[in-house]
Every structure is written in structure tokens, then in C-alpha cells.
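Peer 1: Mind looking at a prediction? Sequence and model below.
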Amino acid sequence: NLDDTELFTQPLRQSTLGVTMRRERTNSIVDPTRGSTASIEIRYASPAIGSDSLIDFIKGTAEFTSYHPLGRRTTFAWRVRGGAIVRPGFVFLGQGVKFVPTAERFYGGGPNSVRGYSQNGLGPLVRVISDIDTISRPGDTLVVDTLMLESPTGGNQILLANAELRFPLPLFGGRLGGSLFADVGQVIERRQRELVGLRDIRVTPGVGIRIATPLGPMRLDVAYNGYGPQQGRLYRPRGQQLDEELAVYPPASAPPSKWRDRLQWHFAVGQPF
């Protein structure tokens, strides 16, 4: 609404202290095949250290990755990552924070996350009706197509796990490789004392190919997403503010998409983890 717009278009001062601890025990930074890495990061922002009174949070993230050689050029790799943003002075499952800047929130989906979703496409999002695209009348049925803008809003809790089998392919002199993977995770906006539940978890399997380059492997991954479109709130512009149309869109009764629309393609450089 207009009050929110006025508040969040004003300059907000953010002062953050952070500490990162990382242990690296792999045989390669670019393309590891054995060893493990572990990291913990904690970030703190508060009016006590100079932030605006609205910005008051503690953010913690932990990650562990392990690589296991299976034969001369085959590797099994897996990773787990978890994180939460809480309000200082409260226990881990306590009250939500007042406001967390966009860059500090958690996002999921993309070539290095849950690959069944587009970049930042996993987790909370909102849709805004931007325009009417076409109006057609097949027979006696009026069909109105609307254009929508999708905006990921991120969350304050993330759970992520990946498993991938990487193996060579007998092409291009050994420079070509393949992969089989499964990505598991979810990003949520925790409001009271809720945690990520099993019903919220998304699992997307897939396959990929890799081509070795001096900068690291170039890869093409395709993942299958067997779930419906990510649900979120739907808004319509009215003057300078937004009116809520639907609290949940698309509805659970929406028809399933075709199988080819459930495939998510990613092109990237470097291993996903």
C-alpha cells in the first residue's frame, strides 16, 4: 500500500557484522573428485551497531559437501545446506524479524540449487497482473489471457540437499562427461514456529552433460519438475498501490501442465557444487 511504498523508498542504513569459517579438504578447487568442504557463516545487523531501527536480524548458514571417487574417473558428490534468519534476543524458533533486505534473504532454484526450478523460482513469490494480452472467443467461450509479472520474495529459512553421480563419456577424447542427479529442498517464510515440513519439500531429478574447459566444466542440465506451478499471492495494480486478488494463485484445482513444460533447462560453467 502507499504507506509501505513511502517507507521502503526511503534510504535505510544497514550495518552488518559477519564471520565465515570454512574448511577446504579437496583435491581441486575447479573440479574436485575427492575430499570435503564445510562452512559456517553468521551475519548480524542491528541498530546497536548502526543499522536503521527496521533492520534487526541474525542470519546463520551451514553447508557440507563431500566427494567420493568411484573408479578412475567417476565421482559421487553430495551436499547439504541449511540456514535461518531470526530476530536477535529470541530463540531459534521464535518471532520473525521485522524486515530483512532483499539481498540477505534466502532463495532457491537455478543451476546451482534445486535445478527443477528456474533461478530463484523455488520458494515464496508474488504475481502482479500487468496487462491483458489477448481476448478470443472460440465458439461461445470467452478466453482472456493476462500477462503477469512474477517476483520471488525469498524466505527466512532454507533446506537444501543435492546428490550427483559424475561419469565420463567416450567422446571428444575424454573431455565429455555425464551426470545423474537429484536435488531436494525448499525455501519458506517462517512466521511463527513453523519449520520446513516433509510435504513442503521438493525433489527434482535430472541428467546433464559436461565438457571440460580451462575455466572448468561447461554443463547443460535438464531436470524434471513433477509439481504444479509455485503458488503465491496475486495482485492487481490500482493507482499507486496493489490490491490483492487471490491469496493463493494458481489454485490447487488448476489443470496439470504438459510433460515437456515440466522440464527445466540450465546452462552454466563450473560444477553445481
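Peer 2: Alright, I've got the coordinates. Numbers count the residues shown, from 1 in each chain.
Peer 1: Number of residues surrounding I129?
Peer 2: 17 (other CB atoms under 10 Å). All C-beta atoms are positioned from the backbone trio N, CA, C, and that covers glycine.
Peer 1: likewise A163?
Peer 2: For A163, using other CB under 10 Å, the count is 15.
Peer 1: Surely it is in a strand?
Peer 2: Yes. Using DSSP: H, G, I helix; E, B strand; the rest coil, the assignment for A163 is a strand.
Peer 1: Identify the bridge partners of the residue lying closest to it once chain neighbours are set aside.
Peer 2: Computed as CB to CB, 6 or more residues apart in numbering, the closest residue to A163 that is not its neighbour in sequence is W78, at 4.6 Å. Judged by DSSP bridges, the bridge partners of W78 are S66, A163.
Peer 1: Could you verify my assumption that W78 touches R166?
Peer 2: No. Look at W78 against R166 with CB atoms under 8 Å: they stay out of range, at 11.4 Å.
Peer 1: more neighbours, the two?
Peer 2: Just comparing W78 and R166: by other CB under 10 Å the higher neighbour count belongs to R166, 23 against 18.
Peer 1: part of a strand, is the more buried one?
Peer 2: Yes. Using three-state DSSP, the secondary structure at R166 is a strand.
Peer 1: What separation is there between it and P69?
Peer 2: 10 Å (CB to CB, to the nearest Å).
Peer 1: can you list residues touching both of these two?
Peer 2: T75 (CB atoms under 8 Å, 6 or more residues apart in numbering).
Peer 1: so where's the stretch 1-150 of the chain shaky on pLDDT?
Peer 2: Residues of the stretch 1-150 of the chain meeting the criterion pLDDT under 70: 89-97, 132-145.
Peer 1: quick one: the strands in it?
Peer 2: For the stretch 1-150 of the chain, the strands defined by DSSP state E, counting those that start in this stretch occupy 16-26, 35-45, 57-69, 75-86, 125-136, 143-152.
Peer 1: Make a markdown table from the ones you listed and add distance to E244 to it.
Peer 2: Converted to a markdown table, the strands of the stretch 1-150 of the chain look like this (distance: least, CB to CB, whole Å):
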| stretch | distance to E244 |
| --- | --- |
| strand 16-26 | 32 |
| strand 35-45 | 30 |
| strand 57-69 | 26 |
| strand 75-86 | 25 |
| strand 125-136 | 9 |
| strand 143-152 | 14 |
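Peer 1: Just name the most buried of these.
Peer 2: A comparison of the strands of the stretch 1-150 of the chain by mean neighbour count, using mean count of other CB atoms under 10 Å, puts strand 75-86 on top with a mean of 19.
Peer 1: name the helices or strands packed onto that strand?
Peer 2: strand 57-69, strand 157-168 (3 or more CB pairs under 8 Å, 6 or more residues apart in numbering; DSSP states H and E).
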